[in-house]
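Peer 1: heads up, no residue letters with this:
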């Protein structure tokens, strides 16, 4: 069972929490109704789709992954799961996601899923080898999650929310590439074009932009439902979370943001505190 959970990369479902942001910050979560059902089904669909992409990526890169100090332990690379089994999983996930999308009956949702699939396939076979564009595409994946979440319940997306998510995504992407480069220059095609100094500067720039855009978002008139005085506290928490994340990245060999987040009690507790503040921001 463990090897199949690793194949599906279940722990990476944490990234799909972004889908809930439009649902939360539009205030839709305050009303119990059909939107809750749509969100649950929608997130399930996206988790299936993302697992499909992860398996496809591992299937294509299985020979290269064997040369990587950490990725060689992935099920397809180490041989605990056969390529044929991986194909079966991909077919099941594709059919399951397609059926649930049809049941949901929202065309816009399907459009974002197709875009996500196309971008990921292009990334796996080509775009991840092009410097800067590879990190940019990673940021696009995060932005698609936001638009997908908004399309589930038909709410608009704040420009500052998009800029915040985009900046955090670039920050994480640059940090991930920097750690990958330290592990092996030859593993990924784009790594040989990067210098550690460039990736470090990119990380610093987007760390600052993430804080600035989030602050502008919270203080903007688009968040009329939120108590501004309470939400000022959330800015402090976000600054703490981002600085703590960067500290852990700098002192860790693993640049994977999911691994860093899930292994840090401080980040987990800080995120819980942030959720409490947001909830109070709507109520008070």
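Peer 2: Arrived safely. Note that the structure is predicted; figures quoted are calculated from it, not measured.

Peer 1: Tell me who's in contact with the residue nearest to residue 69 when sequence neighbours are not counted.
Peer 2: Nearest non-adjacent residue to residue 69, counting by Cβ to Cβ, 6 or more residues apart in numbering: residue 183, 5.9 Å away. For glycine as for every other residue, the C-beta is placed from the backbone atoms N, C-alpha and C. Counting by Cβ atoms under 8 Å, 6 or more residues apart in numbering, residue 183 touches 68, 69, 70, 253.

Peer 1: repeat for residue 147
Peer 2: Going by Cβ under 8 Å, 6+ apart, the list of residues near residue 147 reads 112, 157.

Peer 1: Look at it and tell me its secondary structure.
Peer 2: Put simply, residue 147 is helix when judged by DSSP: H, G, I helix; E, B strand; the rest coil.

Peer 1: Show the pLDDT at it.
Peer 2: The predicted local distance difference test score for residue 147 is 96.

Peer 1: Repeat that for residue 186.
Peer 2: 57.

Peer 1: ok, residues contacting stretch 13-20?
Peer 2: Contacts with stretch 13-20, where a contact means Cβ under 8 Å, 6+ apart, come from 39, 42-43, 46-47, 50, 142, 145-146, 148-149, 152, 165, 258, 261-262.

Peer 1: What's the PyMOL line that selects buried ones from the contacts of residue 183?
Peer 2: This is how PyMOL selects the buried members of the contacts of residue 183, with burial counted by 16 or more other Cβ atoms under 10 Å:
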select buried, resi 68
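
Peer 1: Packing partners of the lowest-mean-pLDDT helix or strand in the chain?
Peer 2: Among the helices and strands of the chain, helix 62-65 carries the lowest confidence by mean pLDDT, DSSP states H and E, at a mean of 80. Judged by 3 or more Cβ pairs under 8 Å, 6 or more residues apart in numbering; DSSP states H and E, the packing partners of helix 62-65 are helix 75-78.

Peer 1: List the neighbours of the helix it packs on that are in contact with it.
Peer 2: For helix 75-78, contacts defined as Cβ under 8 Å, 6+ apart pick out 3-4, 6-7, 55, 58-59, 61-62, 65-66, 68, 71-72, 81, 83, 86.

Peer 1: Give me the subset of those lying in helices.
Peer 2: Among the contacts of helix 75-78, DSSP state H puts 3, 4, 6, 7, 55, 58, 59, 62, 65, 83, 86 in helices.

Peer 1: would you turn those residues into CSV with distance to residue 216?
Peer 2: Shown next, in CSV, are the ones in helices among the contacts of helix 75-78 (distance: Cβ to Cβ, whole Å):
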residue, distance to residue 216
3, 45
4, 43
6, 39
7, 41
55, 39
58, 39
59, 42
62, 44
65, 40
83, 48
86, 44
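
Peer 1: ok, so of those, who is nearest residue 158?
Peer 2: Nearest to residue 158, judged by Cβ to Cβ, of the ones in helices among the contacts of helix 75-78 is residue 55 at 33.3 Å.

Peer 1: Look up how far residue 49 lies from the closest one.
Peer 2: 11 Å (Cβ to Cβ, to the nearest Å).

Peer 1: which neighbours do these two share?
Peer 2: Joint contacts of residue 55 and residue 49 (Cβ under 8 Å, 6+ apart) are residue 93.

Peer 1: Where does pLDDT dip in the stretch 101-250 of the chain?
Peer 2: The stretch 101-250 of the chain contains residues with pLDDT under 70 at 184-188, 221-225.

Peer 1: In it, mark out all the helices, start to finish.
Peer 2: Secondary structure of the stretch 101-250 of the chain by DSSP state H, counting those that start in this stretch: the helices cover 107-125, 133-153, 159-183, 196-219, 228-250.
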